[in-house]
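# let's see this in three dimensions:
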Amino acid sequence: MHNSVHHLESLLSRADFDNGNCPTSSLKLFGEPLIVRNVDVTRKFMTVDTVLIPSNLPNTIDLIATNFPSIKVKEYDDTSFIANELVSSRKSALPFIDQNPVIAGLFQNFEAPINSFIYHTIEQGLLVDNVVYPWDFLNIVQKTLRAEVTRTIISPNASIARTTVIEGPCIIEDDVTIDDFCKIKGPTYISKGSHVGMSSLIRNCMFGKETKIGFNCEIAKSYFAGNAKISHQ
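Model prediction:
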């Protein structure tokens with residue numbers, strides 16, 4: 001997810017941007033890049049003709065072009081911003097004009113920072129949470145699990161031991177293996193090809209594909225982007 005040297009380091013390190021990456025490209029919710037989800041959510045409430053993205057983020061530009069061929073991607077030069085000066089906060093949208101438009105993604109007449117999470121509530125409409133630090137994203141993961149994992153869906157191609165207990169709403173996808181005497185407490189999402197070792201407790205987690213959890217582990221309120229391995233005990 002993020003090759004940081006310290007857990008307090010901003011997700012918006014200059015090195016990541018120099019490599020053409022951004023949290024909206026590398027962070028995923030339910031296996032979908034954050035910026036793709038942002039566009040999907042926005043399109044439900046307004047027409048999206050153009051997305052404005054800094055030209056030094058080719059990975060993000062490719063994501064939009066690939067997933068939304070009908071949407072125009074407009075690039076602009078970005079050489080002046082200092083990413084770590086961004087402040088994590090929740091802002092109301094529709095319309096929302098960010099204080100630092102240099103790293104804004106433009107959705108028709110709606111602007112949000114490139115490092116944002118866009119979501120909708122009945123009471124307040126579209127809202128924007130900025131993603132600056134790891135705990136910002138972990139908060140978003142928990143918020144999304146509570147909002148979207150509301151019932152248990154288990155793939156018929158998953159292998160779950162009879163002695164394992166599934167408690168609360170969970171999504172368990174294809175080719176997931178859960179060994180004996182485990183407990184999975186929702187809301188939890190376990191993606192394709194993942195494995196949970198014997199006697200493990202998993203609660204309020206989001207696992208990307210091919211996540212491997214060893215024997216006798218307790219994993220709580222955690223996020224794994226995928227292809228991660230946790231040792232036994």
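# buried ones in stretch 138-146, by neighbour count?
Going by neighbour count (16 or more other CB atoms under 10 Å), the buried part of stretch 138-146 is 139-142, 144-145. Glycine gets a C-beta too; all of them are placed from N, C-alpha and C.
# next SSE downstream of the helix or strand where Trp135 lies?
Using DSSP states H and E, Trp135 sits within helix 134-148. Remark: after helix 134-148, the chain's next helix or strand is strand 153-154, criterion DSSP H and E.
# average model confidence for that next one?
For strand 153-154, the mean pLDDT works out to 97.
# and for Cys170, the neighbour number?
When neighbours are counted by other CB atoms under 10 Å, Cys170 registers 21.
# tell me the bridge partners for it.
Beta-bridge pairing for Cys170 (DSSP bridges): Thr188.
# that one contacts Ile184, correct?
Yes: if you go by CB atoms under 8 Å, Cys170 and Ile184 touch, sitting 5.5 Å apart.
# mutual contacts of those two, please.
Ile190 (CB atoms under 8 Å, 6 or more residues apart in numbering).
# what helices and strands are in contact with the helix holding Trp135?
strand 28-29, strand 116-121, strand 125-130, strand 206-207, strand 223-224 (3 or more CB pairs under 8 Å, 6 or more residues apart in numbering; DSSP states H and E).
# continuing past the first one, what's the next helix or strand?
Later in the chain than strand 28-29, the nearest helix or strand by DSSP H and E is strand 32-33.
# give me the buried positions along the next helix-or-strand element following that following strand.
On the C-terminal side of strand 32-33, the closest following helix or strand by DSSP H and E is helix 34-43. The neighbour-count criterion (16+ other CB under 10 Å) identifies 34-39, 42 as the buried residues of helix 34-43.
# okay, and the helix or strand of the chain with the least pLDDT?
One helix or strand of the chain scores below all others by mean pLDDT, DSSP states H and E: strand 90-92, with a mean of 41.
# OK, contacts around the nearest residue to Thr50 once chain neighbours are set aside?
In this structure, Thr50 finds its nearest non-sequential neighbour in Lys72, 4.6 Å apart by CB to CB, 6 or more residues apart in numbering. Contacts for Lys72 (CB under 8 Å, 6+ apart) come out as 49-51.
# export those residues to JSON lines and append columns for neighbour count, pLDDT and distance to Gly208.
Putting the contacts of Lys72 into JSON lines (neighbours: other CB atoms under 10 Å; pLDDT from 0 to 100; distance: CB to CB, whole Å) gives the following:
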{"residue": "Asp49", "neighbour count": "12", "pLDDT": "85", "distance to Gly208": "32"}
{"residue": "Thr50", "neighbour count": "13", "pLDDT": "86", "distance to Gly208": "30"}
{"residue": "Val51", "neighbour count": "24", "pLDDT": "86", "distance to Gly208": "25"}
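# now these as TSV including distance to Glu218 and secondary structure?
Output for these, formatted as TSV (distance: CB to CB, whole Å; DSSP: H, G, I helix; E, B strand; the rest coil):
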residue	distance to Glu218	secondary structure
Asp49	48	coil
Thr50	46	strand
Val51	41	strand
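# so where is the chain shaky, pLDDT-wise?
Along the chain, the model assigns pLDDT under 70 to residues 1-9, 12-21, 78-109.
# and if we set it to 90?
1-27, 35, 42-63, 72-116, 120-135, 225, 231-233 (pLDDT under 90).
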